[in-house]
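Engineer: Sequence below, structure please.
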Amino acid sequence: MNHATKKEADRIAQSRVELLADLRATFTSPAGKRTLAALAQSAGHGRPAFLPTATGAICPYASAARDGRKSLIDEIYVNLAIAEDEEPIQPRSIGGSGGGATG
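Structural biologist: Sure, this is the predicted structure:
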């Protein structure tokens with residue numbers, strides 16, 4: 001891995017660590033938990049995306065929009081699970097001392 005690629009990989013890893021910490025700080029407080037629950041309910045999380053209209057028809061556009069909202073809630077829940085279960089990834093420094101192996 002060249003120096004520029006390694007530097008970019010470290011930047012991405014650090015951004016991920018920061019995002020997980022931000023999500024944890026935002027959504028694990030009592031207010032954050034209430035907010036996430038309200039967002040999940042509003043997005044229809046846990047319910048089918050294909051819901052019939054008053055006439056009984058299923059609108060694919062409304063279903064797609066509903067599914068998109070639910071996927072954002074899913075992403076928050078998945079990242080919160082990662083944030084709770086995973087040790088933070090510490091980016092490796094570039095050009096550290098010693099001749100240790102790099103990977």
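Engineer: what are the ranges of the strands in this protein?
Structural biologist: In the chain, no strands are defined using DSSP state E.
Engineer: Flag the shaky bits of it, pLDDT-wise.
Structural biologist: Scanning the chain for pLDDT under 70 picks out 1, 86-103.
Engineer: can you give me the helices in this structure?
Structural biologist: 3-27, 30-43, 60-85 (DSSP state H).
Engineer: which residues make contact with the shortest one from outside it?
Structural biologist: By that I understand helix 30-43. 25-27, 46, 66, 69-70, 72-73, 76 (Cβ atoms under 8 Å, 6 or more residues apart in numbering). Placement of C-beta: from N, CA and C, glycine included.
Engineer: do that again at 6 Å, thanks
Structural biologist: By Cβ atoms under 6 Å, 6 or more residues apart in numbering, the surrounding residues in contact with helix 30-43 are 26-27, 69-70, 73.
Engineer: Just the buried subset of those, please.
Structural biologist: 27, 69-70, 73 (16 or more other Cβ atoms under 10 Å).
Engineer: which one of the helices of the chain lies closest to Thr53?
Structural biologist: helix 60-85 (7.6 Å; Cβ to Cβ).
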